[in-house]
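Enquirer: Pasting the sequence and the predicted coordinates here, then a few questions.
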Amino acid sequence: MIMRNFLKVILLLAFFVLSQNSFAQQLVYTPINPSFGGSPLNGNWMLSQAQVQNGFTAGETGIDSRYGSDPLADFTASLNRQILSQLSRNLISSMFGETGLEAGRYQIGDYMIDITQGADGITIIIFDLGTGGETTIIIPYL
């Protein structure tokens, strides 16, 4: 019992002795942005960074600043895409019919389309005759 009390006293003394040697320091945050109290010497650097990121150029003709481009040119491009999309749908439905894709080789513009049926499913290989590129699509059977 006396030994236990003696150990408690020694541990308590060791705690107080060791706690006197520990030091603390206050953390201070210094902002970098001069707008929030940072160094005013950083102002030129921040202005140059903002000017680099600014994509707006004033005085361009034919461009509405609200849209970022010419609305008439956007409308024309959208109309052209819709017409070409409708034409391609009509062309594909007339070529392949309502029964779906039939095996064979088809040429549409600058593209050669090769359709084959295999054990894995239907394989569609699209050759770009202009660039020589090739895309393969495999549609598995369900």
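Expert: Received, thanks.

Enquirer: Pop the domain breakdown of the protein in here.
Expert: 66-98, 101-142 (automatic domain parsing).

Enquirer: between those domains, which gets the lowest average pLDDT?
Expert: The weakest mean pLDDT among the domains of the chain belongs to domain 66-98, with a mean of 75.

Enquirer: Look at Gly130 and give its secondary structure.
Expert: Three-state assignment for Gly130 (DSSP: H, G, I helix; E, B strand; the rest coil): coil.

Enquirer: cool, the one 5 residues further on as well?
Expert: Judged by three-state DSSP, the three-state class of Thr135 is strand.

Enquirer: Ile124 contacts Gln117, doesn't it?
Expert: No - judged on CB atoms under 8 Å, Ile124 makes no contact with Gln117 at a distance of 10.4 Å. Backbone N, C-alpha and C define where each C-beta goes, glycine included.

Enquirer: Could you list every helix and strand that the lengthiest helix in the chain packs against?
Expert: In terms of residue count, the longest helix belonging to the chain (DSSP state H) is helix 71-96. When contacts are defined as 3 or more CB pairs under 8 Å, 6 or more residues apart in numbering; DSSP states H and E, helix 71-96 packs onto strand 104-108.

Enquirer: what are the C-alpha coordinates of the strand it packs on, in PDB please?
Expert: Extracted C-alpha coordinates of strand 104-108, given in PDB (Å, rounded to 0.1, in the frame of the first residue of the first chain):
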ATOM      1  CA  GLY A 104     -22.600  -7.200 -96.100                       C
ATOM      2  CA  ARG A 105     -20.400  -4.300 -97.100                       C
ATOM      3  CA  TYR A 106     -21.800  -0.800 -97.600                       C
ATOM      4  CA  GLN A 107     -20.200   2.400 -98.700                       C
ATOM      5  CA  ILE A 108     -21.600   5.700 -97.500                       C
END
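
Enquirer: ok, then the element right after that strand?
Expert: Per DSSP states H and E, the first helix or strand lying C-terminal to strand 104-108 is strand 111-117.
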